[in-house]
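Asks: how would this look folded up:
(chains A and B)
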Amino acid sequence: MTELAAGAPLLRIIGDEVTPDGDSGLSAEELLALHRSLVLLRTYDERSIVYHRQGRIGTYALFWGHEAIQAGAVHGLEPRDWIFPSYRESAVGLLRGMPPATVLSWWRGHPAGWWNPAEYGVASICVPIATQVPHAAGFAWGSALRGEGRVALVFFGDGATSEGAFHEGANLAAVRKAPLVLLCNNNQWAISTPLAEQTAATALVDKASGYGIPGERVDGTDVLAVHDAVRRAAAHARLGGGPTFIEAVTYRAAPHATADDPTPYVDPGLVEEARRCECVGRFEGYLQRRGLLDEDAAQRVREDALRVLREGIAAAEAEPPADPSLLFEHALVDPPPAFADQLAELRRIADA
Amino acid sequence: MPERFLVEAVNDALHVEMARDPDVMMIGEDVGRAGGVFRATAGLRERFGPDRCVDMPLAEAGLLGGAVGLCMAGWRPVCEMQYDAFSYPCLDQLITHVGRYRWRTRGALSFPLVVRMPYGGGVRAPELHDDSPETYYVHTPGVKVAIPSTPADAKGLLAAAIRDPDPVIVLEPKLIYRTARGEVPEGEHVVPLGQARIAREGTDVTLIAYGAMVPVAERAADDLAGEASCEVLDLRTLKPLDEQALLASVGKTGRAVVVQEAPRTLGFGAEVAAILAEQAILDLRGPVLRVTGFDVPYPYWQLEDWYMPSPARVADAVRRLLAF
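Replies: Predicted structure coming up:
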């Protein structure tokens, strides 16, 4: 990871061959809960690739290797805090109790995949790049105006930092001292465009100073480092300190999506290294060194996650076909008469 | 009943609605300390405080995107875009999120926001202070669009937009901000969205207009006195459109001329013509004619009088139609 991280040092808590493990300050229970979340996300991702190949879900954006950023972030927040995901964090709601069937339905293009953000504190999956950043800024600001003590966390990638929406959202949040955590998954690639062609900045975290907000860089494969940085940023925000920019540095070891073949553009050596240092295995090593996890226990966690996913895909596939009335039903609170005419036209043809 | 200029009626609506509902916020560029470049938001910051009338960073997409988040936190933001053509960056958020988010949550979340802006030409301003962007807004699913032409409607339609549970765009005709003057009801005044207004009754031809083109159509009707009896239909809301009022008027007159400042191709006049072709073909005694801006960039102002639909161009269309 060293050559990917020119600039400010990366926060790490999980050790390696050279460095000893740091102290996360988390209890054994909290650490094992974090492990279950990592495995649930990993299982979701790996099963989704299988389901896609089986034709059971559509095009799917992988997050293999980014589970530490997602689980570390969610565990670093309080349940009342809101999360604004990009498509790369499509399954982050699972860590807030969302049934896997819901997210699988989203990738199946079925309206059952559209959830109520207020139920989970998880905004809808944002497909266009960076446009969720202003939403998170506005939500954080609006919530703070009501004195609710809630924090918003927004996920986005390295490519998103080129978008105007990222800048406009980050700036708005900073000006309003909105309780927001800006969490950048710097996996070095925007589909096939490398970071060096995305920015001339030495490190993305340097952008924080331009907004007058603190920035922090963490190892994105170290779930404890992500957790620690998010927890501190959220506490800072909750106390009225405003937003923090966190750059989680990792490497995209998987394709951008099931429709992408990265072999023409990635460095196979770096992919190999990223796969070797992947975040779930790293954390399991940490737990084993702490005596908190053995292979049997890890296996049980994996089996549980697999069962949940199997039940999830079965439930998603059991959803009845979407009725054409859903085309019109939720576009407006107060639909115009034209909607009824258009639906009647469909029904007439369907019944003919 | 007091008389007010159109822009004063906008200001009145904001004062009344913000006093009525503590969830309503005004956000925009220069809307606080300055009270808006047209003074449409004057006095709001002083009266409701800097947290409810907010000078925003100069970024229209961030402004509207921020408003989406404010809605999620329970606010009802009214967003001012400083000028028509400065609203274009906000189309990103409008198209990708504002018009889609409720649908995306299967109706669980609502986005009761308003985007209001001065629009239109004829004001001798530099480039990109003169556009009529209504088609972009009307074409976006999930939002409603209103355009007042009188002070009373400017107040009533904006109040309706603020109270509406769905996103509403209100385009205010800046050309007549301080020339249109009329009686405006005091206190709460709501003009329901989706209801057109017969500005003038007539029997030979219906002039269909909205915003600053309503007085142009009315002047054309004056000029045609003795030649043709013109009905002037002020659409007031482009989406949802009051199709019944349109069909009733054209059913009566049998002739329709649509007036819009926006470029011709795929402008709102095309939609009106299509509706009449679909639903009133047997009522029509001639083609639906359009008097519009041209398919060119809005010109520098020494040419703008040639660009803007004029009473003479409207009268010419009426004469051609009568001779058909």
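Asks: Do you have the helices of chain B handy? List them.
Replies: In chain B, the segments counted as helices under DSSP state H are B:6-20, B:44-48, B:60-72, B:91-93, B:101-104, B:134-138, B:151-163, B:213-223, B:243-253, B:268-279, B:304-307, B:311-322.
Asks: Which among those is found nearest to B:A180?
Replies: Among the helices of chain B, helix B:6-20 comes nearest to B:A180, with 4.4 Å by Cβ to Cβ. All C-beta atoms are positioned from the backbone trio N, CA, C, and that covers glycine.
Asks: got the contact list for the closest one?
Replies: Residues outside helix B:6-20 that contact it (Cβ atoms under 8 Å, 6 or more residues apart in numbering or on different chains): B:4, B:24, B:26, B:38-44, B:47-48, B:52-53, B:78, B:116, B:148, B:150-152, B:154-156, B:158-159, B:162-163, B:172-173, B:176-181, B:184, B:187-189.
Asks: ok, and the closest non-adjacent residue to B:P118?
Replies: B:K174 (3.6 Å; Cβ to Cβ, 6 or more residues apart in numbering or on different chains).
Asks: can I assume the one you found is in contact with B:R124?
Replies: No. Applying Cβ atoms under 8 Å, one finds B:K174 not in contact with B:R124, separated by 11.5 Å.
Asks: quick one, which of these two is more surrounded?
Replies: Neighbours per residue, other Cβ atoms under 10 Å in any protein chain shown: of B:K174 and B:R124, the larger number sits with B:K174, 26 against 12.
Asks: So which residues of chain A form strands?
Replies: Applying DSSP state E to chain A gives strands spanning A:82-84, A:152-157, A:180-186, A:189-190, A:193-194, A:215-219, A:244-249.
Asks: Dump these into JSON lines; add mean pLDDT, distance to chain B and mean neighbour count as well.
Replies: Shown next, in JSON lines, are the strands of chain A (pLDDT from 0 to 100; distance: least, Cβ to the nearest Cβ, whole Å; neighbours: other Cβ atoms under 10 Å in any protein chain shown):
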{"stretch": "strand A:82-84", "mean pLDDT": "98", "distance to chain B": "8", "mean neighbour count": "28"}
{"stretch": "strand A:152-157", "mean pLDDT": "98", "distance to chain B": "8", "mean neighbour count": "29"}
{"stretch": "strand A:180-186", "mean pLDDT": "98", "distance to chain B": "10", "mean neighbour count": "29"}
{"stretch": "strand A:189-190", "mean pLDDT": "93", "distance to chain B": "18", "mean neighbour count": "20"}
{"stretch": "strand A:193-194", "mean pLDDT": "94", "distance to chain B": "20", "mean neighbour count": "14"}
{"stretch": "strand A:215-219", "mean pLDDT": "97", "distance to chain B": "19", "mean neighbour count": "24"}
{"stretch": "strand A:244-249", "mean pLDDT": "98", "distance to chain B": "16", "mean neighbour count": "28"}
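Asks: With distance to A:H330 added, can I get those in TSV?
Replies: Output for those, formatted as TSV (distance: least, Cβ to Cβ, whole Å):
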stretch	distance to A:H330
strand A:82-84	20
strand A:152-157	24
strand A:180-186	28
strand A:189-190	32
strand A:193-194	35
strand A:215-219	39
strand A:244-249	34
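Asks: List just the one of those strands that sits closest to A:A331.
Replies: The nearest among the strands of chain A, by Cβ to Cβ, is strand A:82-84 at 22.1 Å.
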